[in-house]
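Student: the following block contains a protein sequence and its predicted model.
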Amino acid sequence: MTIQAKPQRSRLDPAPVPRRDWLGLSALGTMAGALLFGLIGLLRLPKAAVLASPSKRFRVELPQALAPGEAFVPPGRNVAIFRDEQGVWAISTVCTHLGCIVRPAADGFECPCHGSRFRSDGTVTRGPAPRPLPWLKVSTAGDAVIVDEAAAVPQGTKVA
Amino acid sequence: MAQASDALQEFVADLKRAPKRILETAFRTGPPSTDRTRSTFVFGNVFLHLHAVRTHRWSLRWTTTLGLGIATAAAFLITLVTGVMLMFYYKPYPEVAYESMKDIHFVVPTGRLIRNLHRWAAHVMVITVILHMARAFYTAAYRKPREFNWLIGIALLVVTLALSFTGYLLPWDQLAFWAITIGANIAESPREVTDALGITEYFDPGGLQKLLLLGSDEVGEEALIRFYLLHVMLLPLVLAALLAVHFWRIRKDGGLAKPADADARLAARREQETYPVFTEAPVKTYHLAAIVRGRTPAVGKGPENTVPSMPHLFYAELGVMMLTLLVCLALSVVSDAPLKELANPSVPENPAKAPWYFLGVQELVSYSAFMGGIGIPVIALLGLALIPYLDRETAGTGEWFGGPGGWRLVRFSAVLGTSAAVMIEAVAIRFGWLREWFPDVPQLIVTAVNPGTLLTLVYAAWSVWCVKRFQSARAGALALFTCFLCGFVVLTVIGTYFRGPNWEFYWSPAYWPKH
Amino acid sequence: MRKNKLLLLISSAGVLALLIWAAVEENILREWRRIQAQGRSEEGPLGVQLRQIVNRGLDTSDRCISCHVAMGPGEQGVTGAPLLKPHKPVVHDPAEFGCTVCHGGQGQATEKADAHGRVPFWPEPMLEKETMYAGCGTCHVTLGVPEKHRIKAAGAAFERLDCLACHRVDGRGGTIRPGGGGMEGPDLSRTGITGYDPEWYAKHLAKRAEAKSGPWRDAFGPISPPELELLRVFLDTRVAAPGWVEAKSVFLSSGCLGCHKVSGVGGDEGPDLTQAGLKDPGRLDFTYVAGKPVLENWFREHLLAPASVVAGSQMPPAAVLEERELAQLALFTLSLRRRELNDAYVPRDRMLATRFGRREFARDGATLYGAFCAGCHGEDGMGRRLTGLVSFPSVANPDFLEIASDEFLRETIRQGRPGRRMPGWLKENGLTAEDIDAVTAYLRSAGGVESRADGRPRRWVRGEARAGEQIYASSCSGCHGAKGEGGAGPALNNRVLLASATDSYLVETIRRGRRGTAMAGFAEPDPVRRTLASGEVEAVVAYLRTWEESKP
């Protein structure tokens, strides 16, 4: 090290050494990298890999005597299933406003929380709901119907 | 109008400069490239200013401390972080706890590794804290002015063991349940004495201890929630507070203990790393916080053998921390933390074993519950606590095995301590003890005369002899500590590997009888 | 400082390497990920993620479908790896019930060995394919199952009467006939659960009367009352698990309930078997067990040679020696694994058994004998003599039945032999009075001998007890014990025996003996044994009677 005799510079503030501390920098860098990698791993922990709730896809048997236009709500599920000559369809009964469960009404559905009203095909007629009730993916398996609450299909899709 | 546009321009300019200014106001000291900026880096940072700004070069040698204190702190940090992550998924109620452990192991992202890491770091912490205590003892680092810090260290040891013990119950498997059942019964062991004296009805510390520990008369959901509270909140807070005091005390005691001639023994330095201080002082490097009576590291000395903590001490600390992390991580990757069947109160584990660090105690407990569970541990802790107040010598501070007798005495005591423990155990295992010979012997006799007390007496006798022989309390302390350490190891080894069902002696688990 | 920098560098590099390895192992190398990567659904490649079936009512989270994806709800269309096959059609939808309720294993696990439960510290390994139906016992109870001959007869009757022409049962039958027809009747696989029309026979007859041709004419005909009864037994035991019912019938023919309780009914000498199928194989000793160290093999060995797996066991080995029946007994014991269930999931049969006290076995004499008595007294009632164990008397011995009155039989069964291994069965978890009557009647019919009363009063013997004592000591005590406590022969000082036996019974037994046993007739001349005259026999009986007062 050289102490350069520069004015306005005391011996307590010598000029910095021009060499790079490769060893130190690489050590710190590796440590930072390792800890960062570890941190990212830690941060992945809170996001659950698997949801502890019953599957969104479920099988249900429709009652024999279901009038066309009559809603069948399987117990414990938030869907309304309908059947007519053209086929079977399922509409989600989760209000698109803030998630309350709508009730089937004479002309469609109504939501008790903020007064949204829906037609029987799910479109909104009144209230704060921003979107129509989604139609859910339905498939048939023998006598039973398989509904997938997690998959939406275009309005009007009926499965024979 | 000219004023307004100036102000507006200034506003925009300030907005553009804001990001850089945010950084500048957060980190005001600048890069730590000079002695002064290195100092301000340390004392100007809330997290770092627990460190002294300058560290003595002797303290930085690997052989001075072996990095054990930092290793313990690092292990604690690892358990802290992994423990908090585990709290996202762990549920502290019976049965559900076990299921949540299974979920953590199988489906939680990184759950298996984090749980293993938590468990291994906990074990590593117990080992390093014991080794750290041994190091502090053997280098006589407890001497004036560091006596109180030694006591804080003893308290930290107890809290560490308590943390490990409370955490042991949380998985709620057979291992956990029965280990804690034993622990709680050890807490109840004063009954052995009060029953023998017939006074339990009026004075029952044993029963009270167990009730406080379990919240009930048997291990159940009350115990679990209680242990959970202790493990995740109360004990960590206590540990953190004690740690802060422990580190602060190091600073106030003048740094780590070192021999009186440390400066002379340090190798000559390369010029660039030593800066003279206080020769010219146009700019302040220390904030003077108060005027005190006493010595500080710096005043009244010549060119001192200190180096800036930043970066010397921090490289040392970081190195040890990453090494500890490496060891814990390696253990976690190759070996899963155990999880046996769901806890079943009607199916005792046989043998039901306490956590490994308590197996030495459990071995003693198999002879006398009170002596092994309370008596001897209390004697040991009391003895440890008194060391700095009984050894008031000054020769050999900071030296490994410093003091009269030195390494030879330690070596001999190790041999003596180990063989005494092995021999007494061998007699007890081969021939049984007291009650096998005299079926009607009163309980108090059995409490007073058992391998544990016998061993303690042998060690104490040897230690007293050393005090007389070397005319030094330190020699006695060296002898006694070494004997106890070796005795602890022997008993723990016996309890771990050679005790099988019904706590019978077996040369190997291969010989254990099937159910 | 250089050393510390090196330490930091190397440690950090090590940490980084280990973390990368751990990340790779968890996110790429896990087996379930590799399996799912091979899968394809209708929409394209399968999204790789953990999958589980959650059933809050049963408190299960089964992650089996992370590998067995095609068995998950709505995933039947997934193809790819051999593991990705959909579940065979079964009664209980796996999408609702999960997997472990029926199959056992560790549902929460995601590694193969852990999930299949074949790891230390998991007490309930997955059931093997051969014993799969044992899983039904987790929730269900079969009611009114008869002993094995009867159920075989019932099955044979069903086949013989050509019911399979129109009805399917357990995947068989309902054949389409060349002349037309067939597959016209309902599937009868589950009539034991769903029930069936009690008027079916009348309706069948009516249909037959109407029909001019076809299966109603060809395949169906009038059925006799005994065969109708057999058909009733058959239909009542159809629960879509024929192997399980058959296994139970073997159980009910082996006399296990004589010493063991199942669902609160049975004897007290052996351990309660209600949860035997849930024994933890990790705690058992398989040293002397052939084959894989699984629970059913342990049961099998236990049945063959009880003392080899449970030291000091007094259990007589199972009377059945056929390999198939041994396997069935093991299967049935494995099925005894009832667990606590949420009310919503308790099946009807179990509710009837636990709340309404319906018995799990049929109440006819043959079944009751098979269920409670056959283990000790033999399937044929001829008793069992086994080395190392007290011998069990023959109860269908013609000599015995001829002199034992029905009352004697009844009292013996009701009160047992206190102090000996025969328990009294008239108790809450034993047999009812009607049951005991049925067993008595069965013994009579099995032995084929009616009792022959001799008209004498119950006590008529007048003999010298002291003389009898000497004779007893020389002729009887060798088998019956010095004080009548028994040995190779039954205990004679037993209070119930002496109370229920008439003097004629005792005298005739001594005089005539019991054919086929070690008790020879002492009235007959014999080269080895001392022959006793009538007076001597009566003296012995008088001596036996002296034991009556001394008993409490």
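Tutor: Right, received. Where do you want to start?

Student: list the helices and strands the lowest-mean-pLDDT helix or strand in chain B packs on?
Tutor: One helix or strand of chain B scores below all others by mean pLDDT, DSSP states H and E: helix B:262-265, with a mean of 79. Judged by 3 or more C-beta pairs under 8 Å, 6 or more residues apart in numbering or on different chains; DSSP states H and E, helix B:262-265 is in contact with helix B:57-60. Where you see a C-beta, it was placed from the backbone N, CA and C, and this is true even at glycine.

Student: for the helix it packs on, list the C-alpha coordinates in PDB.
Tutor: Only the C-alpha atoms of helix B:57-60 are listed here, as PDB (Å, rounded to 0.1, in the frame of the first residue of the first chain):
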ATOM      1  CA  ARG B  57      -6.800 -10.500  16.000                       C
ATOM      2  CA  TRP B  58      -6.500 -13.200  18.700                       C
ATOM      3  CA  SER B  59     -10.200 -13.600  18.800                       C
ATOM      4  CA  LEU B  60     -10.300 -14.300  15.100                       C
END
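
Student: let me know whether that helix sits next to chain A.
Tutor: No: shown here: helix B:57-60 not in contact with chain A (C-beta under 8 Å from any C-beta of the partner chain), separated by at least 14.9 Å.

Student: residues from the stretch 51-200 of chain C in reach of chain B?
Tutor: Residues of the stretch 51-200 of chain C lying near chain B (C-beta under 8 Å from any C-beta): C:52, C:61, C:63, C:106, C:108-111, C:114, C:121-123.

Student: repeat the analysis, applying 6 Å as the threshold.
Tutor: C:108-110, C:121, C:123 (C-beta under 6 Å from any C-beta of the partner chain).

Student: so which of the residues you listed is the most crowded?
Tutor: Neighbour count (other C-beta atoms under 10 Å in any protein chain shown) singles out C:Thr110 as the most crowded of those, with 25 neighbours.

Student: assumed that one was part of a helix.
Tutor: No: C:Thr110 sits outside any helix when classified using DSSP: H, G, I helix; E, B strand; the rest coil, being coil.

Student: ok, it - contacts?
Tutor: B:106, C:32, C:63, C:66 (C-beta atoms under 6 Å, 6 or more residues apart in numbering or on different chains).

Student: which residues touch C:Val540?
Tutor: C:468, C:471-472.

Student: which SSE is it in?
Tutor: helix C:534-550 (DSSP states H and E).

Student: same check, this time on C:Pro226
Tutor: C:Pro226 belongs to helix C:225-236, assigned by DSSP H and E.

Student: about what we covered before: nearest to B:Met371, of the contacts of C:Thr110?
Tutor: Distance from B:Met371 was checked for each of these by C-beta to C-beta. The minimum falls on B:Phe106, at 44.0 Å.

Student: hang on, isn't the closest one packed against C:Gln106?
Tutor: No: taking contacts as C-beta atoms under 6 Å, B:Phe106 lies outside contact range of C:Gln106: 9.0 Å.

Student: which of the two has more neighbours?
Tutor: C:Gln106 (26 against 23).

Student: part of a strand, is that one?
Tutor: No: according to three-state DSSP, C:Gln106 belongs to no strand; its state is coil.

Student: just checking, it touches C:Gly117?
Tutor: Yes: if you go by C-beta under 6 Å, C:Gln106 and C:Gly117 touch, sitting 4.7 Å apart.

Student: tell me the contacts of the nearest residue to C:Arg190 once chain neighbours are set aside?
Tutor: Once flanking residues are discounted, C:Arg190 sits nearest to C:Ala240: 5.1 Å by C-beta to C-beta, 6 or more residues apart in numbering or on different chains. Neighbouring residues of C:Ala240 by C-beta under 6 Å, 6+ apart: C:91, C:189-190.

Student: from these, which would you call buried?
Tutor: Buried members of those, counted by 16 or more other C-beta atoms under 10 Å in any protein chain shown: C:189-190.

Student: can you tell me what sits against stretch C:487-496?
Tutor: C:393, C:415, C:417, C:420, C:479-481, C:484-485, C:544, C:547, C:551.

Student: in ChimeraX, how would I select the buried members of these?
Tutor: Of the contacts of stretch C:487-496, the buried ones go into a single ChimeraX selection, burial set by 16+ other C-beta under 10 Å:
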select /C:393,415,417,480,481,484,544,547
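
Student: of the contacts of stretch C:487-496, closest to chain B?
Tutor: Checking the contacts of stretch C:487-496 against chain B with C-beta to the nearest C-beta, the nearest one is C:Arg420 at 30.4 Å.

Student: where in chain A is pLDDT low?
Tutor: Within chain A, the ranges that satisfy pLDDT under 70 run A:1-18.

Student: what residues does it have near chain C?
Tutor: Residues of chain A found near chain C (C-beta under 6 Å from any C-beta) are A:23-24, A:26-27, A:30-31, A:33-34, A:37-38, A:49-50, A:52, A:54-55, A:57, A:59, A:146.

Student: need the phi and psi values for C:Gly513.
Tutor: phi 80, psi -170 (degrees, to the nearest 10).

Student: sweet, I'm off.
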